[in-house]
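# got a predicted model here, sequence first, then my questions.
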Amino acid sequence: MTSQSEMTNYLHAFVEGMISNGVVQAVISPGSRSTPLALLLHRQEKIETFIEVDERSAAFFALGLSKTSGKPVVLLCTSGTAAANYYPAVCEAYASHIPLLVLTTDRPHELRQVGAPQAMDQFHLFQGHVKLFIEMAIPEGSKTMLDYSYWQGMRATDTACQTPKGPIHLNFPLREPLLPDLTHPMLAEKTTEVIVGKKQLSESQLMMCANAWQGKKGVLVVGGSHTPEEAGLFIELAETLNWPIISDPLANITSNSKTSPLIMSCADLFIQEVDMNHRPEVVVRFGMLPISKNTMFWLQSLNEDETMIYFIDETGEWQDQLKQVQTAIQVEEQTFVQMLLNKIKVQTSVSWRNQWINWQKATEQLLKEFSEMNTLNETSASVLVHEKMAEDGQLFVSNSNAIRFLDRFASAENNVYQLFGNRGINGIDGIVSTALGMCAINPDRQNILLIGDLAMYHDMNGLLLAKRYKLPLTIVLLNNNGGGIFSFLSQRQLETDDFEPIFGTPIDLDFSLVAQLYDAEYVKAVSLEQLDCLLEKTKKQPKFQLIEVVGDRQDNVLLYEKVVKSLREIFGIDYGK
């Protein structure tokens, strides 16, 4: 058997190990050292492969595939700085618990640290941002090493999918010749079954929670990303307890088939402005904090002598930045909620429920009275996107202003779609590519990306994926020519000469030319009615298009401040005391 045949069998065994544990997709960044793995993945009928020359875009695309499918996705690149370009997406995958298998190929040991070209230290390249690092052995053809390779492929995939999910990095040192022996008969396929149980509470522990919560004045706070089915269970728990529920937009509670007046979709606007005579006796938090800073401030203001705070920590990572929890419960969230529902026998008083419902309704009514919500601007456009989503549609929302517009102004609608975003590290890099990964999983559905101009510019290379694979993503571009989020932050106090170049950062791009470069249709929306029609068409005719909404950074701030001022007048809070 030649060295080529030995390498081929060794790497084929690794691929079989990954397949046995559920890998069906791979994203390949072309290069020389990765040739044998790239060819074996590309020729494997059980794996769908995507090719992307820009490694940063490729990594975020893989992130989007895994985020949407819920399955582990392979990411492959050559040696050298190629792998370093994966770093932002790997960090995001680790923080948001997305299972990626990052395969980096490398020079063999005799060519490391001796000045060989395209060589760098790839050992523990991603440091603390992966669950596991494996330095693979040099390929050999013995049965022992074939079993080792298969086992590592299976083990890495399983580890990526264990709670908390996350990326695994495997580094493959490969010697030349790099072309695998594709004429050599492959080894027989192997399969290994992995049976995984769920972490759940005992009967007595469940009753302890039920007795501590039922009948009390409580609030549910749901953070993190959840499927519509998972979100429905949280809503059912809120209804069973008679508690209001505050959530992150990505929790998919405001875009769920289960509607409830207990969904506090406008909590960010009113929670700091109402006169709360009675503080909650219990707050139950699921996962990380929602995006709303006002909700965070409100939680911080709670007195531990008045309010018992519970933290449902599914990952066991203690990701509680407020550090005020009295009881942490490490359990699989959905199993916990399902089992708890049957234990709740006493509902909280109607008066507690009604005051929260009244605050929500008053805020919703106020928003309807603002003329700005009926004319085209970044806020109204964002809300309209939410309202016009199709049944089973998919919406990816960018960080900075876009997700905050939805969090503050979008009410719970009776339209069932799934909302995605990159809220692990909250960066604006890779948003386009991740959204295209979302689109690639369900291309026949309505797929929309809501994004700002800086985030769009940051990942324009990703648009090549839409062109190459004919991905029908509709991009709604909120263009205020710069970093609109900073107009809400303390930096806005700076003089214009300081603010504009450092924080405003206008880029003055003609996005019609960007659309032309990547063969996307382009429309500049001039009215809310026109945008409504364009979004309605995406339900029946998904296509790759860019719809630009030109906005003004200061207008966004003025509308927000106007709403808050009106809420203070409605709820009668005197901040001058």
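Arrived safely, thanks for sending.
# could I get stretch 136-146 in CSV with only the CA atoms?
Provided in CSV are the C-alpha atoms of stretch 136-146 (Å, rounded to 0.1, in the frame of the first residue of the first chain):
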residue,chain,number,x,y,z
MET,A,136,-4.3,14.6,14.8
ALA,A,137,-1.5,12.0,14.1
ILE,A,138,0.3,11.8,10.8
PRO,A,139,-1.7,9.5,8.6
GLU,A,140,-0.9,5.8,8.8
GLY,A,141,-2.5,2.7,7.2
SER,A,142,-2.5,0.3,10.2
LYS,A,143,-5.9,-0.9,11.5
THR,A,144,-5.0,0.7,14.9
MET,A,145,-4.6,4.1,13.2
LEU,A,146,-7.7,3.8,11.0
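# name the residues of it that are buried.
136, 139, 140, 141, 145, 146 (16 or more other Cβ atoms under 10 Å). Backbone N, C-alpha and C define where each C-beta goes, glycine included.
# wait, a strand at residue 19?
No. Counting by DSSP: H, G, I helix; E, B strand; the rest coil, residue 19 falls outside a strand, being helix.
# number of nearby residues for it?
19 (other Cβ atoms under 10 Å).
# shaky segments in this structure?
Counting by pLDDT under 70, the chain has low-confidence residues at 1, 184-188, 573-577.
# show me it divided up by domain.
3-173, 203-364, 370-564 (automatic domain parsing).
# can you put those in TSV and add distance to residue 193?
Output for the domains of the chain, formatted as TSV (distance: least, Cβ to Cβ, whole Å):
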stretch	distance to residue 193
domain 3-173	8
domain 203-364	21
domain 370-564	25
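# what are the ranges of the strands in the stretch 251-400 of the chain?
Using DSSP state E, counting those that start in this stretch, the strands assigned to the stretch 251-400 of the chain run over residues 282-286, 308-312, 327-329, 394-397.
# between those strands, which gets nearest to residue 67?
Of all the strands of the stretch 251-400 of the chain, it is strand 394-397 that lies closest to residue 67, at 9.2 Å by Cβ to Cβ.
# okay, that closest one in PDB with CA atoms only?
The C-alpha trace of strand 394-397 is given here as PDB (Å, rounded to 0.1, in the frame of the first residue of the first chain):
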ATOM      1  CA  GLN A 394     -36.800  33.100   8.300                       C
ATOM      2  CA  LEU A 395     -35.500  36.500   9.400                       C
ATOM      3  CA  PHE A 396     -31.900  37.200  10.300                       C
ATOM      4  CA  VAL A 397     -31.400  40.400  12.200                       C
END
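# ok, that strand: who's next to it in the sheet?
strand 418-420 (parallel), strand 447-452 (parallel) (DSSP bridges).
# looking at those, which one is packed in the most?
strand 447-452 (a mean of 27; mean count of other Cβ atoms under 10 Å).
# return the distance of that strand from the chain's centre.
Strand 447-452 sits 13 Å away from the centroid of its parent chain (Cα atoms, centre = their mean, to the nearest Å).
# next: stretch 412-425.
Using Cα atoms, centre = their mean, the offset of stretch 412-425 from its chain centre is 9 Å.
# got the end-to-end distance for that stretch?
26 Å (Cα to Cα, to the nearest Å).
# now do the buried residues in it.
Across stretch 412-425, burial judged by 16+ other Cβ under 10 Å covers 412-413, 415-425.
# equivalent analysis for stretch 15-28, please.
Here stretch 15-28 shows 15-21, 23-28 as buried, counting by 16+ other Cβ under 10 Å.
# which among those gets closest to residue 452?
Using Cβ to Cβ, the buried residues of stretch 15-28 come closest to residue 452 at residue 27, 25.3 Å.
# which secondary structure state does that closest one sit in?
Relying on three-state DSSP, one would call residue 27 strand.
# which residues touch the closest residue to it other than its chain neighbours?
Distance criterion Cβ to Cβ, 6 or more residues apart in numbering; nearest residue to residue 27, sequence neighbours excluded, is residue 62 at 4.2 Å. Contacts for residue 62 (Cβ atoms under 8 Å, 6 or more residues apart in numbering) come out as 25, 27, 73, 74, 75, 89, 100, 437.
# take the residues you listed and keep only those in helices.
Members of those lying in helices (criterion: DSSP state H): 89, 437.
# quick one: the contacts of residue 62 as TSV, columns for distance to residue 284 too.
Converted to TSV, these look like this (distance: Cβ to Cβ, whole Å):
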residue	distance to residue 284
25	36
27	38
73	33
74	38
75	37
89	32
100	31
437	33
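# mind picking the two most distant members of the contacts of residue 62?
Longest span within these, Cβ to Cβ: 25 and 89, 15.0 Å.
# ok, and the closest non-adjacent residue to residue 224?
residue 287 (3.6 Å).
# now the one you found: how far from residue 72?
According to Cβ to Cβ, to the nearest Å, residue 287 and residue 72 sit 21 Å apart.
# on that earlier part again, reformat the strands of the stretch 251-400 of the chain as CSV; add mean neighbour count and distance to residue 158.
Converted to CSV, the strands of the stretch 251-400 of the chain look like this (neighbours: other Cβ atoms under 10 Å; distance: least, Cβ to Cβ, whole Å):
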stretch, mean neighbour count, distance to residue 158
strand 282-286, 24, 26
strand 308-312, 20, 25
strand 327-329, 15, 25
strand 394-397, 26, 28
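# distance to residue 35 for those strands - can I get that in CSV?
What follows is these, written out as CSV (distance: least, Cβ to Cβ, whole Å):
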stretch, distance to residue 35
strand 282-286, 45
strand 308-312, 46
strand 327-329, 48
strand 394-397, 33
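# closest one to residue 383 among the ones you listed?
Across the strands of the stretch 251-400 of the chain, closest to residue 383 is strand 394-397 (Cβ to Cβ), at 12.1 Å.
# how far does that closest one sit from its chain's centre?
10 Å.
# equivalent analysis for stretch 375-390, please.
Taking mean C-alpha positions (Cα atoms, centre = their mean), stretch 375-390 and its chain are 21 Å apart.
# what of stretch 159-179?
22 Å.
# so which bits of that stretch are buried?
For stretch 159-179, by 16+ other Cβ under 10 Å, it's 159-161, 165-174, 178.
# which pair of these spans the longest distance?
Going by Cβ to Cβ, the pair spanning the buried residues of stretch 159-179 furthest: 165 and 178, at 32.1 Å.
# hang on, isn't residue 248 packed against residue 223?
Yes. With contact defined as Cβ atoms under 8 Å, residue 248 counts as touching residue 223 (4.9 Å).
# how far away is residue 408 from residue 45?
Relative to residue 45, and taking Cβ to Cβ, residue 408 is found at 48 Å.
# list the contacts for residue 43?
residue 182.
# what does residue 70 give?
residue 227.
# mind doing that once more with 6 Å?
With contacts defined as Cβ atoms under 6 Å, 6 or more residues apart in numbering, residue 70 has no neighbours.
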